[in-house]
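[1] Model the structure of this input:
(chains A and B)
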Amino acid sequence: DAKTTQPTSMDCAEGRAANLPCNHSTISGNEYVYWYRQIHSQGPQYIIHGLKNNETNEMASLIITEDRKSSTLILPHATLRDTAVYYCIVRDSGSARQLTFGSGTQLTVLP
Amino acid sequence: KAGVTQTPRYLIKTRGQQVTLSCSPISGHRSVSWYQQTPGQGLQFLFEYFSETQRNKGNFPGRFSGRQFSNSRSEMNVSTLELGDSALYLCASSLGSGWYDTEAFFGQGTRLTVV
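    Now for the predicted structure:
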C-alpha cells in the first residue's frame, strides 16, 4: 500500500472548517483513500473513503486531486468533540483487509 | 445494531504469563482483524481472520496467535508476556466478503499492562 504524509498537528477554531491534508504521491490506480480518526484512548472511527471523485457524508467531505497524489478531509463545522488524531490511509481494494496506519494528524479544536 | 465488543477492557498480567483477549464483531460481519497500539510504534496490524481462517498476518512473533469461531467471534492469545507487550489491543470487524470491502469498525480495545 502507498505511503501517506500528513502534518503532525493542526489547530482549528470551533465552528470553522477544518481542512486536513494528506499526500500520497505514490498511489496507484486501484488504491482507495480512507480516513479514520481516533479520539483519545478509543478505537479508531471510520470517517470516509474515496477513489477518484469527491465524496461527502454526514461527517465530512473528501476532496481528491485530479492526479490523486493528494487529498483533503474537510470537517465543515468543527466542534470540540472533533479533537482527535486523524489518519489518512491508502489501501488497495484487492489486498488483504489490513489498514496501515501512519502517525496521523493531531487536530485540536479550540474554543 | 450493536458495535464491536472487546473484553476485558483492562487487564494486568505478569511477565511470562499468557493472556487471551476476546472480540465479538458486528452481527453479520465475518472478518475480524487485530491491531496493537503502543506509543512508540503506533497502530500495527497483527492478523485478520475470515470464516475461521487466518487470511493475513502482520510482522509479529509467534507468541501472538489468534483464532476465529464459527459465529465469527475471535480471540487472540499472547504467550510468555513481555513488558513490551503492554499496549492497547484493538479489534476491527468488517463484512469481509467480495472483492471490495468498505469500512472496518473498531472496538474500544483492551488495555493490557504487563508488570
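
[2] Just checking, which helix or strand of chain B averages the lowest pLDDT?
    Lowest on mean pLDDT, DSSP states H and E among the helices and strands of chain B sits strand B:53-57, with a mean of 90.

[3] could I get the helix or strand following that strand in CSV with only the CA atoms?
    Remark: after strand B:53-57, the chain's next helix or strand is strand B:64-68, criterion DSSP states H and E. Output in CSV follows, covering the C-alpha atoms of strand B:64-68 (Å, rounded to 0.1, in the frame of the first residue of the first chain):
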residue,chain,number,x,y,z
PHE,B,64,0.9,-13.8,19.2
SER,B,65,-1.8,-16.0,17.9
GLY,B,66,-5.5,-15.9,17.2
ARG,B,67,-8.5,-17.9,16.2
GLN,B,68,-12.0,-17.3,15.0
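
[4] For strand B:64-68, name the packing helices and strands.
    With contacts defined as 3 or more CB pairs under 8 Å, 6 or more residues apart in numbering or on different chains; DSSP states H and E, strand B:64-68 has these neighbours: strand B:42-50, strand B:53-57, strand B:74-78. All C-beta atoms are positioned from the backbone trio N, CA, C, and that covers glycine.

[5] Run me through the strand neighbours of the longest one, direction for each.
    If you go by DSSP bridges, strand B:42-50 pairs up with strand B:31-38 (antiparallel), strand B:53-57 (antiparallel).

[6] what's the angle from that strand to strand B:74-78?
    Between the axes of strand B:42-50 and strand B:74-78, defined by axes from the mean of the first three to the mean of the last three CA atoms, to 10 degrees, the angle is 130 degrees.

[7] What residues sit buried inside strand B:42-50?
    Going by neighbour count (16 or more other CB atoms under 10 Å in any protein chain shown), the buried part of strand B:42-50 is B:43-50.

[8] on that earlier part again, could you dump the helices and strands packed on strand B:64-68 into a markdown table and include distance to A:L62?
    Below are the helices and strands packed on strand B:64-68 laid out as a markdown table (distance: least, CB to CB, whole Å):
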| stretch | distance to A:L62 |
| --- | --- |
| strand B:42-50 | 20 |
| strand B:53-57 | 26 |
| strand B:74-78 | 30 |
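
[9] Please identify the most buried of the strands paired with strand B:42-50.
    Neighbour counts (mean count of other CB atoms under 10 Å in any protein chain shown) averaged over each of the strands paired with strand B:42-50 peak at strand B:31-38, with a mean of 23.

[10] who's in contact with it?
    Here strand B:31-38 makes contact (CB atoms under 8 Å, 6 or more residues apart in numbering or on different chains) with A:97-99, A:101, B:23, B:25, B:43-50, B:55, B:60, B:66, B:68, B:72-74, B:76, B:84, B:86-97, B:101, B:104, B:109.

[11] hmm, 6 Å instead?
    For strand B:31-38, contacts defined as CB atoms under 6 Å, 6 or more residues apart in numbering or on different chains pick out A:97, B:23, B:25, B:43-50, B:68, B:74, B:76, B:87-94, B:96.
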